[in-house]
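A.B. asks: Provided below for reference: sequence and predicted model.
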Amino acid sequence: MKKIMNIKPTKPLAAFLSLLPFVIIFFVYLTASGERLAENPNDKLLPSFQQIYSAIDRLAFTENKRTGEYLFWQDTSASLYRICIGIGISSLLGLIVGLLTGLIPLARSGLSPLVTFVSLVPPMAILPILFISFGLGELAKVMLIIIGTAPVMMRDMQSHVRQLPAEQLIKAQTLGASTWLVSLRVILPQILPRLLSSMRLSLGAAWLFLIAAEAIAAQEGLGYRIFLVRRYMSMDVIFPYVIWITLLAFLMDYLLRKTSEKAFPWYHSNESGK
């Protein structure tokens, strides 16, 4: 008799099991919402799917009378711009600083303690400082994402560089490769897939910092809209926005994973073999 830890589900069963929790959540919500609305038709905690649909239609497919824009897509565009800029700069800094501190002992001695210190600073604690220093515009929001994610990427890249086999570096130097050539031809190709993995792991934190910054000081954005309507207990708006943020994060993670699999198949074949 097989042990349960050795039983692998078939593809149909795996698909069914992956969908089952969502189906259960759907029916639990449907039942709870129906019961609350039957007791109090004005209840706002668990809106019906009709109310949620009406809110989505109003925000996403109806022009705002004051601005003439579609608020849902305007908020989405603003938030995506901020998070893409923040994650992009963080990944670039993580790659450069991680490569330097991982390969060059002098750089590691000078920068590694600072990177470690900054990575332990709670980003939310310095949010007021960012708003005072950079104002209430886009820069402060992007800087919060960078401060919250870049140091973690730097440490991850440094660790990965230092874990590379020393024999590779020695052989490259024996063949006459300079430090620049070793970085470019030996180390960089091996840490790029790790960088994409680090970006994927940082997405959750990046969205958290973005929503927090938008909630405090913004005129548009997904986080701004959620905290704007919370005073009215507009759960028919909050629920779709939260689900949409989750879907956007999932899509970004999926695109990064597929990019990594296409560009670096050898890295994922090694992962699957472990």
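C.D. replies: Perfect, thanks for sending it. Numbering: from 1, shown residues only.
A.B. asks: Mind pulling up the pLDDT for residue 58?
C.D. replies: If you check residue 58, the pLDDT there is 91.
A.B. asks: Okay, buried residues for the helix or strand harbouring it please.
C.D. replies: In this structure, residue 58 sits in helix 49-60 according to DSSP states H and E. The neighbour-count check on helix 49-60 (16 or more other C-beta atoms under 10 Å) flags 51-52, 55-56, 59 as buried. Where you see a C-beta, it was placed from the backbone N, CA and C, and this is true even at glycine.
A.B. asks: Most widely separated two among the residues you listed?
C.D. replies: Spatially, the most separated pair among the buried residues of helix 49-60 is 51 and 59, at 12.7 Å (C-beta to C-beta).
A.B. asks: Give me the below-cutoff pLDDT ranges for this structure.
C.D. replies: Applying pLDDT under 70 to the chain flags the ranges 1, 270-274.
A.B. asks: tell me the helices in it, going along the chain?
C.D. replies: Using DSSP state H, the helices of the chain run over residues 11-39, 49-60, 71-103, 105-119, 127-134, 138-163, 166-174, 179-181, 188-216, 222-229, 235-263, 265-273.
A.B. asks: As CSV, these with distance to residue 2 would be great.
C.D. replies: Below are those laid out as CSV (distance: least, C-beta to C-beta, whole Å):
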stretch, distance to residue 2
helix 11-39, 15
helix 49-60, 42
helix 71-103, 43
helix 105-119, 44
helix 127-134, 53
helix 138-163, 36
helix 166-174, 42
helix 179-181, 52
helix 188-216, 33
helix 222-229, 46
helix 235-263, 31
helix 265-273, 22
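A.B. asks: in this structure, which residue is closest to the centre?
C.D. replies: Centroid-nearest residue in the chain: residue 203, 1.3 Å away (criterion: C-alpha atoms, centre = their mean).
A.B. asks: ok, that one to residue 245 distance?
C.D. replies: Using C-beta to C-beta, to the nearest Å, residue 203 is found at 11 Å from residue 245.
A.B. asks: which of the residues in stretch 16-34 are buried?
C.D. replies: For stretch 16-34, by 16+ other C-beta under 10 Å, it's residue 33.
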